[in-house]
Structure formats: C-alpha cells, structure tokens
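> Provided below are the primary sequence and the corresponding predicted coordinates.
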Amino acid sequence: MTAVHSIITPGLIRVLEEHGQNRLEALSWWEVSLPLRRPIHHASAHEPTIDSIVVAVTVNGVIGHAEVRANGSYGTGETGEDIEDALKTCAFLGEPVRDVTDELFKRSKLASMAVDMAAWDALGKHRQQPLYQLLGAGPRQEVLTHAQIGFGSVDDAVGLASRYDGEGFRRLKVRVGSSDVSDDIDRLEGIRRVVGTKTSIVADANAGWTLDQAEAILPHLKKLGVEWLEQPVATDGELAALTATGQMRIRADESARDAASIARLAQVHAVDGVHVKLEKTGSLARLIESITAARGNGLAVAFGQFDQGRLGCAATTHVAAGLGFTKAELWGCAEISQDIAGPLTISHGAVQVPQGNGLGLSVTLPGSPKGTL
C-alpha cells in the first residue's frame, strides 16, 4: 500500500498555495457536443455524444482551458444548465482561485472543477511547465489505462475484447449491472476466452444490481478471475454485506464522493478500495484530501474520470502522472470522432502524457462564448 504522505510533499503544498492565491481575471465558457463512434452504454446511460462545458479563465495574464461533462447527470447529478447557472450567478473577478472554487462548489462541483483545472492550465503555462511536473513529478511519458466494454451482445463484447487485446491493452473494464445477470456472465465468459489470463478484467455495475443479484453473481466473477467489482449496489450497508463475504474485492465509485464519505465507507468496512475523480471532489486540492483519506484508512485507490473529450482527459492524465499513479481510467475520449482539443494519443494501452506547458493541448473554441464575466 502506498504511504499516506507519498503525494503530500513540501513542493506540492507550495504550488497548491500559489494556485489558490492567484486571482481570477476573466472567465468565459462554451457549450460543445462531441460525436462518438460508439455510444456510451451501461446501466445508467445511453448517450451518442459527449456534451461538455469548456471554460477559459485568465490568471496572471495567461489564458487556461478546461472541460467538464454536461450530459453525465446520471453519474454527476448535474446538468449543463446546472453548471452554467453556477458560473453566471456569482461575481468572481478579482477573487483568489481558492475562494472562487469554494463558492462554486456550493452550487456545482463541476463548475468548481472547470475553473480549478483551467486555472491550473494557466499556472502551468505561466510557469512554463507541464502540469504534471508543476505538481512535482519527474519526467513521465505515459500513464497506463484500460479499454472499456459497454453493454451489448456477447459477439459485440468478444469482438471488442479481441480488438483491444491486439491494441495492447492489458486491462479491460466491463460494464455490468444488467437486470438479467446471466447476460453479464455470458459477456464476461466470452471476453475471458478471448484475452486469456494475461489481461486483467474489472467489472463496474454502476449500482445497477440489488443485493440478491450481486450475491448471486459473485461466485461467477471470482471463477472468471475478475480483479475487482466496482459499485455493484447502491448503499454502504449493501456494499459492506458483499465485502464481508470475502469472495472478491469490492470498490466504491458513486458512494465515494469525498474524503468524508470515504472515511465512512472505511469505518463500516464497506469496501476494499475506492475510485476517486475530480468530478466528485470539485478541485485538485479536494481530490488529494480524498486520496489521503482512502490511503490513511487502508483502502486501495483507483483514479479516473467520467467519459469526456481530450481536454478533460489531458487534465486527468496530468494529475495522474503528477500524483504518482502508474495506471488510471483515461479511456473517456477514445471513441470521440471529432474534438476541439488535441493532440492526445492512446497507444499500446497507455495515454501519452502531453509535454507542453499546462495541459499541453491546443484548443479551438467554437465561435462566441455562451457566457462571459
């Protein structure tokens, strides 16, 4: 297990303080819709596009950009309208970034995250460093990631598993949570036949099962060598009941919202690990608090994101590299056919860490902003 203090260094504390004290000089935002080659399809969603709010902020005379998901309310609890309402109903200009994000957090975690990450992009550009190096990490070329297989037929799942195996992915995340658990078992069996034992399989139910359904499928998942099962059920008590069986590792996602909820999960022995995301914490500083709470309570930590465009994936990649994660969930942009930001390369099961200043991506904004302050 990684030591609690491993990501909390004096250098990181200093740069968090500098970031928080920088003052917001300008703010604008745009609505974008990014078409997908394959729709997002799992227990909570079926979406043919990734809709995002893209934010531009000015800090130290430098413009930074960030992106947050606008049509992911099934996972975030927020719509694009919620995000924009938060951005336009507060007077921020001239205030420190920390105060801005704290105020936004009361209205919208995603609005807070967008401003926070755009300000980090601006600070990296101002300091002429990639964000991951600004956070104190040494040179990094890549962060390993997994490929994702959503709902569909067994043949579809097998075909995707074969494709991703050929592309060099050594971990697959399979969306489960069907009302008929036999459908999930059939897909997982087909995938395992294709990839053999060299590839890790994890399963994510997005709280789609009842406790009875989850208990019934655990022996099958164990037999198939599933590495862990993410958020099979909705409540902490149900998670604890499954963990108590000792059949396989259970991790929380939707239930692991912040440092306080993670500590509660640990106290009731609900899970073996958690999946943390910037979208849930609303800022990098709060994300670090969540990671520290998890590791301090003996929980494994996975880091990832909601599906989004390359600008959002670049932010997650930099944070993963900067905080020392060798693997992260960075798949979200892989099926986008047209994007406003780039380049961001996924190759041989890894995302190449952009080496430019800040987030390191070029951004082409779609015309006039939807809002500006």
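It's in. Residues are numbered from 1 along each chain as shown.
> going forward, measure contacts and count neighbours with C-alpha atoms only.
Will do.
> Run a quick neighbour tally on residue 338.
Applying other Cα atoms under 10 Å, we find 12 residues neighbouring residue 338.
> surely it meets residue 37?
No: here residue 338 lies out of contact with residue 37, judged by Cα atoms under 8 Å, at a distance of 9.4 Å.
> Look at residue 53 and give its secondary structure.
Going by DSSP: H, G, I helix; E, B strand; the rest coil, the secondary structure assigned to residue 53 is strand.
> Does it touch residue 67 like I think?
Yes: in this structure residue 53 lies within contact range of residue 67 using Cα under 8 Å: 5.7 Å.
> more neighbours, those two?
residue 67 (31 against 23).
> Excluding chain neighbours, what is closest to the more buried one?
Nearest residue to residue 67, sequence neighbours excluded (Cα to Cα, 6 or more residues apart in numbering): residue 54, at 4.4 Å.
> What about the one you found, how many residues nearby?
Count around residue 54 with other Cα under 10 Å applied: 28.
> residue contacts, it?
Going by Cα atoms under 8 Å, 6 or more residues apart in numbering, residue 54 touches 29-32, 65-68, 114.
> Tell me which residue is most central in this structure.
residue 305 (1.1 Å; Cα atoms, centre = their mean).
> tell me, which strand in this structure spans the most residues?
The strand that spans the most residues within the chain, counting by DSSP state E, is strand 24-42.
> Point out the other elements, helices or strands, that that strand touches.
On a contact count with 3 or more Cα pairs under 8 Å, 6 or more residues apart in numbering; DSSP states H and E, strand 24-42 meets strand 45-59, strand 371-372.
> list the buried ones in the longest helix seen in the chain?
With secondary structure taken from DSSP state H, the chain has its longest helix at helix 109-127. Neighbour counts over helix 109-127 (16 or more other Cα atoms under 10 Å) mark 109-126 as buried.
> Quick check: next helix or strand after that helix?
Using DSSP states H and E, the next helix or strand after helix 109-127 towards the C-terminus is helix 131-134.
> Keeping just the C-alphas, turn that following helix into CSV.
Written as CSV, here are the backbone C-alpha positions of helix 131-134 (Å, rounded to 0.1, in the frame of the first residue of the first chain):
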residue,chain,number,x,y,z
LEU,A,131,1.1,20.4,-15.2
TYR,A,132,2.4,17.0,-14.0
GLN,A,133,5.8,18.5,-13.5
LEU,A,134,4.4,21.6,-11.8
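> what's the spacing between the lowest-mean-pLDDT helix or strand in the chain and its chain's center?
When the helices and strands of the chain are compared on mean pLDDT, DSSP states H and E, helix 73-76 comes out lowest with a mean of 85. Here helix 73-76 shows a centroid-to-chain-centroid distance of 12 Å under the convention Cα atoms, centre = their mean, to the nearest Å.
> All good on my end, thank you.
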